[in-house]
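J.: could you work out the structure for the sequence below:
(one chain, ligands or ions: 1)
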Amino acid sequence: MEAEARDTAPIKIYTDGSGFNDGAGAAAVLYANGTGAPTNSLRHHLGPLTDHSTYEGEAVGLILVAWFLRTHCKNRVGQDSISIYTDCQSAITTARDMKLGPGQYLFNEFHKLIAPLRGQGPNRVKFTIRWISAHSDVAGNEKVDEEAKEAAQGNSTPPIFLPSLLRRPLPLGKSALLQQAKKDRKEEWKTEWNSSPRKKKMKKVDKDFPHANFSKMADAMTRRQASILVQLRTGHLPLNDYLYKRKLSPSPTCPACTTNRDETLDHILTECPAYMKQRSSLRRTIKGRSLSKYHTLLSDPKRAMAIVTFIENTKRWKTGYMKPAARDQSEN
Ligand SMILES: [Zn+2]
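T.: Model prediction:
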């Protein structure tokens, strides 16, 4: 590759991730002595391809590069220019833009490792990440391709020479993804919560909401249950009373019973005869605590879960407006 040939940086590091023989591997090769022969190489075997992707391998490759910069090249960062070569375009964009995606925690680790190196040294020479075609005839590129294939087949550098993250098995790609999804969901709820007009009022009830308690509770819940919890805490449960006040339903009356009472949360929690069975199991869980003070109950994970389950069982958390008359048809 021409650009690579013109590159006069005294330090060049090549990195590659590989999926080879059912394994995922990563490698980085360092050229720092000006002779054209590699100075050092690092390899890491991630595991079988059923557990880890080549993409994660590319990310681990960058971590190995960062490790070279932190250890072998420590005194030359900020003195000499350093070029880093990868054939993974998305590794470059992700490393730059911090986009969320699978293996994001690996890219975060890369950034954590290189952060202290930025702006180091009198010349403050930055290291540059460059893209190199996978098929180019550059010796460094061929060498790192070989090393990554070795790594994919289980031939790792001894853990003691690797950064701490790579000294124990990485979380499975899939579970890392699920963790990310959970985090995204929490952010979503936090946004929903923060935009709620009831926020100030609720802050008094539970000072560290939504962070600590809510996150802990939401972890143990299904998506639907967590959504009901938000509706309960923000007072946005779509009951007829709530809908009527917003001109979304023609009547505030409870559709489930014949008491002709407004369908408020208080009504369905404490008195509606249609939910007697659900209520008695709820009462067993909250052990004599008053249901009319449900806001305080929501701060306790066990009790919150019991109330959420109650609402879930009433099926009133998402059905929206129901005509009082519809009751006779829906209840056999
Ligand atoms: Zn009722």
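J.: for the stretch 101-250 of the chain, what spans make up the helices?
T.: Along the stretch 101-250 of the chain, counting by DSSP state H, counting those that start in this stretch, helices occupy 104-114, 139-152, 173-194, 199-205, 212-219, 223-234, 240-245.
J.: and the pLDDT at Asn213?
T.: On pLDDT, Asn213 comes in at 65.
J.: where among the helices of the stretch 101-250 of the chain is average confidence lowest?
T.: Mean pLDDT is lowest for helix 199-205 among the helices of the stretch 101-250 of the chain, at a mean of 51.
J.: the strands in the stretch 1-150 of the chain, which residues?
T.: Remark: strands assigned in the stretch 1-150 of the chain by DSSP state E, counting those that start in this stretch are 11-20, 23-31, 40-48, 82-86, 127-131.
J.: could you give the mean pLDDT of the fourth one?
T.: The one in question is strand 82-86. Strand 82-86 carries an average pLDDT of 86.
J.: adjacent strands (with direction) for that strand?
T.: Sheet pairing of strand 82-86 (DSSP bridges) gives strand 11-20 (parallel), strand 127-131 (parallel).
J.: how many other residues sit next to Asn21?
T.: The burial count assigned to Asn21 is 12, neighbours taken as other Cβ atoms under 10 Å. C-beta coordinates here come from the backbone N, C-alpha and C atoms, glycine included.
J.: before we move on, back to that, let me know which of the strands of the stretch 1-150 of the chain is tucked in deepest.
T.: strand 23-31 (a mean of 28; mean count of other Cβ atoms under 10 Å).
J.: re earlier: could you dump the strands of the stretch 1-150 of the chain into CSV and include distance to Glu263?
T.: CSV is the format used below for the strands of the stretch 1-150 of the chain (distance: least, Cβ to Cβ, whole Å):
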stretch, distance to Glu263
strand 11-20, 57
strand 23-31, 55
strand 40-48, 54
strand 82-86, 60
strand 127-131, 60
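J.: the ion is nearest to which of these?
T.: Nearest to the ion among the strands of the stretch 1-150 of the chain is strand 40-48 (55.8 Å), distances taken as Cβ to the ion.
J.: residues making contact with that closest one?
T.: 22-30, 32, 52, 56-57, 60, 64, 67-68, 72, 143-144, 147-148, 150-157, 161-162, 166, 169-170 (Cβ atoms under 8 Å, 6 or more residues apart in numbering).
J.: strand partners (parallel or antiparallel) of it?
T.: Next to strand 40-48 in the sheet, as set by DSSP bridges, lie strand 23-31 (antiparallel).
J.: chain center to the strand it pairs with, what's the gap?
T.: Relative to the centre of its chain, strand 23-31 is centred 26 Å away, using Cα atoms, centre = their mean, to the nearest Å.
J.: could you export it as CSV, CA atoms only?
T.: Extracted C-alpha coordinates of strand 23-31, given in CSV (Å, rounded to 0.1, in the frame of the first residue of the first chain):
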residue,chain,number,x,y,z
GLY,A,23,-12.2,-19.6,17.0
ALA,A,24,-12.0,-15.8,17.6
GLY,A,25,-8.6,-14.2,18.1
ALA,A,26,-6.8,-10.9,18.1
ALA,A,27,-3.3,-9.8,17.6
ALA,A,28,-1.1,-6.7,17.5
VAL,A,29,2.4,-6.6,16.0
LEU,A,30,4.9,-3.8,16.9
TYR,A,31,7.6,-2.5,14.6
